[in-house]
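*Asks:* no FASTA, just this:
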Ligand SMILES: C[S@@+](CC[C@H](N)C(=O)[O-])C[C@H]1O[C@@H](n2cnc3c(N)ncnc32)[C@H](O)[C@@H]1O
């Protein structure tokens, strides 16, 4: 039985923690982040994981046979950031897209914070994603502003999301970079969807070499600011925006 998120595939969480910055702050923040999670006190017919964000209980149904149907710790990190920085990163009425939404926690929290969210993932994952999003946003958010839809990285993204009609204020992504064969497609998808005023908020779990080289290549295309560094969870949270000539930090442009 899974008793904690970090019990999931522990070999994927091996990370050489050589960064020794602010260990106490890291531990404190990690504890605050993981305290959003709770377990059902009574086991019912359906298993779920519980989280509390925006003072609301969120129940997430997982399925351990698919990567995308399991909730990964990076998602909790990103949700914690969104909740605790809601003044600086105000999502109210903002157009937001989530890539690789998985079980949907980030989509749900962003919606509860007032964003108009397009939640995307692979076709196989969409049923469980839709179930979680629907059950946790019903009567809490305007369902007409929330969409769950297929987006396979690199495949027809321009047709599904033409730039003329789709302009996102934020791209959210949690734990989408690991040893899978679609890293270039993912990079191209970030590149296509990220316009001049878009900010990417991306929580990244470091495991093996491919993740590091992805970040290096990502830095060639985007300005990157490190918002969190959590060695105890092997997770960093980045904010990024376009690096093209003449492009400005969207945060400054909004002020
Ligand atoms: C490790 S899971 C993270 C899920 C969720 N963001 C979280 O943090 O709990 C990676 C997610 O990326 C999605 N994914 C993997 N390859 C993809 C692809 N080629 N196109 C779109 N989504 C993909 C998976 O279905 C899965 O939901």
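*Replies:* Arrived safely, thanks for sending. All figures in this text were calculated on a predicted structure; none of them were measured in a lab.

*Asks:* any idea how many residues pack against residue 232?
*Replies:* 16 (other Cβ atoms under 10 Å). From N, CA and C alone the C-beta is placed, and that goes for glycine too.

*Asks:* in contact with it, which residues?
*Replies:* 17, 23, 26-27, 30 (Cβ atoms under 8 Å, 6 or more residues apart in numbering).

*Asks:* just those residues: which are in strands?
*Replies:* Taking DSSP state E, every one of these sits outside strands.

*Asks:* generate a ChimeraX selection restricted to the buried subset of those.
*Replies:* Selection of buried members from the contacts of residue 232 for ChimeraX, criterion 16 or more other Cβ atoms under 10 Å:
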select :26,30
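
*Asks:* any chance of the contacts of residue 232 in CSV, plus distance to residue 58?
*Replies:* Shown next, in CSV, are these (distance: Cβ to Cβ, whole Å):
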residue, distance to residue 58
17, 30
23, 30
26, 25
27, 25
30, 20
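
*Asks:* list just the nearest of the contacts of residue 232 to the ligand.
*Replies:* residue 30 (15.9 Å; Cβ to the nearest ligand atom).

*Asks:* residues touching that closest one, list them.
*Replies:* Per Cβ under 8 Å, 6+ apart, neighbours of residue 30: 230, 232-233.

*Asks:* buried ones in stretch 86-103, by neighbour count?
*Replies:* 89, 91, 94-103.

*Asks:* all helices for the chain, in order.
*Replies:* In the chain, the helices defined using DSSP state H lie at 23-34, 73-84, 105-112, 126-137, 157-160, 183-193, 209-221, 250-254.

*Asks:* the ligand is nearest to which of those helices?
*Replies:* Per Cβ to the nearest ligand atom, nearest to the ligand of those: helix 73-84, 3.5 Å.

*Asks:* circling back to that earlier point, please flag which of the contacts of residue 30 sit within strands.
*Replies:* residue 230.

*Asks:* could I get the contacts of residue 30 as CSV with pLDDT and distance to residue 137?
*Replies:* Output for the contacts of residue 30, formatted as CSV (pLDDT from 0 to 100; distance: Cβ to Cβ, whole Å):
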residue, pLDDT, distance to residue 137
230, 94, 28
232, 92, 31
233, 93, 27
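
*Asks:* in JSON lines: the contacts of residue 30, plus distance to residue 40.
*Replies:* Shown next, in JSON lines, are the contacts of residue 30 (distance: Cβ to Cβ, whole Å):
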{"residue": "230", "distance to residue 40": "27"}
{"residue": "232", "distance to residue 40": "26"}
{"residue": "233", "distance to residue 40": "23"}
